[in-house]
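>>> here is a sequence together with a model predicted from it:
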Amino acid sequence: MAQLWGGRFTKETDQLVYNFNASISFDQKFYKQDIQGSIAHVTMLASTGVLTEEERDQIIEGLNGILDDLEHGRIEITSEYEDIHSFVEANLIDRIGDAGKKLHTGRSRNDQVALDMKLYTRDEIIEIKGLVKELMETLHQIMKDNIDAFMPGFTHLQKAQPVTLAHHTGAYMEMFKRDYSRLCDIYERMNYCPLGSGALAGTTYPLDREQTAELLGFYGPTLNSMDSVSDRDYLIELLCALSTIMMHLSRFCEEIILWNSNEYQFVSIDDGFSTGSSIMPQKKNPDIAELVRGKTGRVYGALMSLLTTMKGIPLAYNKDMQEDKELTFDAIDTVKGCISLFNGMMKTITFNYDRMEASAKNGFTNATDAADYLVNHGVPFRDAHGIVGRLVLLCIEKDISLDELPLEEYQAVSPVFEDDIYDAISMKTCVEKRNTIGAPGHDAMEKVIALNEAYLADL
Ligand code: ARG
């Protein structure tokens, strides 16, 4: 047991207590950020005269040595230390002796861990943004390739009106654009440096918090030392944003699973992204989509855990807050994996255009357009709705589509119908006529795709 605080104790810590309390098994994940923060701290301490330049140089050299040794596997982080902070400090003292004992001057583990977690999270947000961007690029390509690929649009999972694959994919594009901007917002709000807040009440040393903030790439120092050491809002916000990403991925996965089913056959997931059955030789299962859908639960769980952990904590730091790490790390790793896998699956998926178009055609998705035809010929919409409803019923009885119903039958229900009804309810017309902003019509889609192109080029 290597601890930083033995002085006022008369007994060894019970081993179970030590194990329960220790965080080294997971906080080693931010060893790099811990060292980065310490280097900024001692740089500042020397510039304000708290340390000599020689001490600073010795400490920085020692810290860089630890980093290098860790990265090259020459030293190992072991459970002999309580946490990553103790590991780095003990290792430094081993290397450089007394100067190492000055590293922690004007600092507490409370502001140190708040800093490390922020630095780590900040890096991860940048990485997740990159992955969301890559996914959006894949979706953008699918949109560009499929402006005229007709498919049914659904409400209540019942065929509603025809749309295109570009339009359907575009809905997800909008979701991921919002996800991306949520990540940017969180970054903006969180990017203030807690280092220098001490245990809770600042320190008596002449720390230059603006300098450390700047050295570490923050917009500035946080403004209340009690809040600084106990703020986990940014993690809650991040977990909420990650949960929303997972919700979007999960909805898309659900659709891919349906579309890949034998009943739909709209898509075929690439063999490289499918799995088989140990007993049924014919099976090709959409496990990746199912797993992404399934893993959504654990990311939501992380959000609920942290919200619950934080709800009763009095100011300032309390050990409960150590619980922020494992669940945030797990959520981040889960989301990164899911976005990458989902992106890979979408890059290689193939679309069965004939099935999609045939499905759009045989579900009366043009019934609204038939009613609109009557409205354009002076029939009030409510009457038109009733007339087309009767025609649909007739078609169901005959097991045909509206396109196949003879003109005499149309005219028997309403004399307003002429031969041009067939053109008015063709799939192409149904989609093409919908050209308001955001609608699936070709021109409307092209405008949105051009906007997305500029958006992606600017990220
Ligand atoms: N492992 C702790 C955490 O993650 C570090 C801070 C410990 N501070 C303390 N006063 N015990 O929160």
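Now that the structure is in, tell me what you want to look at.

>>> what sits against the residue of the stretch 201-350 of the chain found nearest the ligand?
The minimum distance from the stretch 201-350 of the chain to the ligand, using C-beta to the nearest ligand atom, falls at Q322 (3.6 Å). All C-beta atoms are positioned from the backbone trio N, CA, C, and that covers glycine. Q322 is in contact with 23, 113, counting by C-beta atoms under 8 Å, 6 or more residues apart in numbering.

>>> quick check: phi and psi on it?
Q322 adopts backbone torsions of phi -60, psi -20, taken as degrees, to the nearest 10.

>>> so R56 makes contact with A46?
Yes: between R56 and A46 there is a contact at 3.7 Å, judged by C-beta atoms under 8 Å.

>>> nearest residue to A424 other than its sequence neighbours?
Spatial nearest neighbour of A424, excluding adjacent residues (C-beta to C-beta, 6 or more residues apart in numbering): Y373 at 4.5 Å.

>>> wait, Y187
In this structure, Y187 finds its nearest non-sequential neighbour in I125, 5.2 Å apart by C-beta to C-beta, 6+ apart.

>>> the helix or strand where the one you found lies near the ligand anywhere?
Per DSSP states H and E: I125 is located in helix 109-145. Yes: shown here: helix 109-145 in contact with the ligand (C-beta under 6 Å from any ligand atom) through 109-110, 113.

>>> could you count how many residues lie near the residue nearest to A424?
By other C-beta atoms under 10 Å, the residues close to Y373 number 24.

>>> for N376, same thing?
Using other C-beta under 10 Å, the number of residues around N376 comes to 11.

>>> need the strands for the stretch 51-200 of the chain, in chain order.
Along the stretch 51-200 of the chain, counting by DSSP state E, counting those that start in this stretch, strands occupy 150-155, 158-164, 192-193.

>>> contacting residues for the closest residue to D419 other than its chain neighbours?
Excluding the flanking residues, the one nearest D419 by C-beta to C-beta, 6+ apart is L407, at 6.2 Å. When contacts are counted by C-beta under 8 Å, 6+ apart, L407 touches 417-419, 421.

>>> for the ligand, what are the nearby residues on the protein?
Within reach of the ligand by C-beta under 6 Å from any ligand atom, the chain has these residues: 23, 27, 83, 109-110, 113, 317, 319, 321-322, 325.

>>> of those, buried ones?
23, 27, 83, 109-110, 113, 317, 321-322, 325 (16 or more other C-beta atoms under 10 Å).

>>> list the buried residues for stretch 162-175?
In terms of neighbour count (16+ other C-beta under 10 Å), stretch 162-175 has its buried residues at 162-170, 172-173, 175.

>>> any chance of the residues you listed in CSV, plus pLDDT?
Formatted as CSV, the buried residues of stretch 162-175 follow (pLDDT from 0 to 100):
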residue, pLDDT
P162, 95
V163, 97
T164, 98
L165, 98
A166, 98
H167, 98
H168, 98
T169, 98
G170, 98
Y172, 98
M173, 98
M175, 98
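
>>> nearest to K144, of the residues you listed?
Lowest distance from K144 to these (C-beta to C-beta) belongs to A166, with 7.5 Å.

>>> wait, that closest one touches G441, no?
No: at 10.6 Å, A166 and G441 do not qualify as touching, with contact defined as C-beta under 8 Å.

>>> per the record, what domains does this structure have?
Following automatic domain parsing, one finds the domains of the chain at 15-105, 110-147+160-205+222-353, 359-458.

>>> residue of the stretch 151-300 of the chain closest to the ligand, please.
A199 (7.0 Å).

>>> how many residues are close by that residue?
By other C-beta under 10 Å, 16 other residues sit near A199.

>>> report the contact partners of it.
A199 neighbours (C-beta under 8 Å, 6+ apart): 108, 110-111, 229, 316-317.

>>> secondary structure class for the spatially closest residue to Y422 that is not a sequence neighbour?
Of all residues not flanking Y422 in the chain, D403 sits nearest, at 6.4 Å (C-beta to C-beta, 6+ apart). For D403, the assignment made with DSSP: H, G, I helix; E, B strand; the rest coil gives helix.

>>> list the contacts for D403?
Counting by C-beta under 8 Å, 6+ apart, the residues that D403 touches are 361, 366, 422, 425-426.

>>> okay, now the residue nearest to Y187: neighbour count?
21.

>>> wait, isn't it in contact with E188?
No: I125 is beyond contact range of E188, at 10.4 Å (criterion: C-beta under 8 Å).

>>> coming back round to it: R56 and A46: who's more crowded?
The neighbour comparison of R56 against A46 (other C-beta under 10 Å) goes to R56, with 21 against 18.

>>> which residues are in contact with that one?
Contact analysis of R56 by C-beta under 8 Å, 6+ apart lists 42-43, 45-46.

>>> distance from the chain centre to stretch 253-271, please.
On the basis of C-alpha atoms, centre = their mean, to the nearest Å, stretch 253-271 sits 23 Å off its chain's mean C-alpha point.

>>> for stretch 77-93, same thing?
Put simply, stretch 77-93 sits 33 Å off its chain's centre (C-alpha atoms, centre = their mean).

>>> can you check stretch 380-393 too?
Here the centre of stretch 380-393 is set off from its chain's centre by 45 Å, with C-alpha atoms, centre = their mean.

>>> give the buried residues for it.
In stretch 380-393, counting by 16+ other C-beta under 10 Å, buried: 384-388, 391-392.

>>> among those, which are in strands?
Judged by DSSP state E, strands contain none of the buried residues of stretch 380-393.

>>> kindly reformat the residues of helix 109-145 next to the ligand as JSON lines containing pLDDT.
What follows is the residues of helix 109-145 next to the ligand, written out as JSON lines (pLDDT from 0 to 100):
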{"residue": "R109", "pLDDT": "97"}
{"residue": "N110", "pLDDT": "98"}
{"residue": "V113", "pLDDT": "98"}
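
>>> can you give me the helices for the stretch 351-459 of the chain?
353-361, 367-376, 381-398, 407-413, 421-424, 427-432, 442-458 (DSSP state H, counting those that start in this stretch).

>>> dump these to JSON lines, plus mean pLDDT.
Shown next, in JSON lines, are the helices of the stretch 351-459 of the chain (pLDDT from 0 to 100):
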{"stretch": "helix 353-361", "mean pLDDT": "95"}
{"stretch": "helix 367-376", "mean pLDDT": "95"}
{"stretch": "helix 381-398", "mean pLDDT": "96"}
{"stretch": "helix 407-413", "mean pLDDT": "96"}
{"stretch": "helix 421-424", "mean pLDDT": "96"}
{"stretch": "helix 427-432", "mean pLDDT": "93"}
{"stretch": "helix 442-458", "mean pLDDT": "98"}
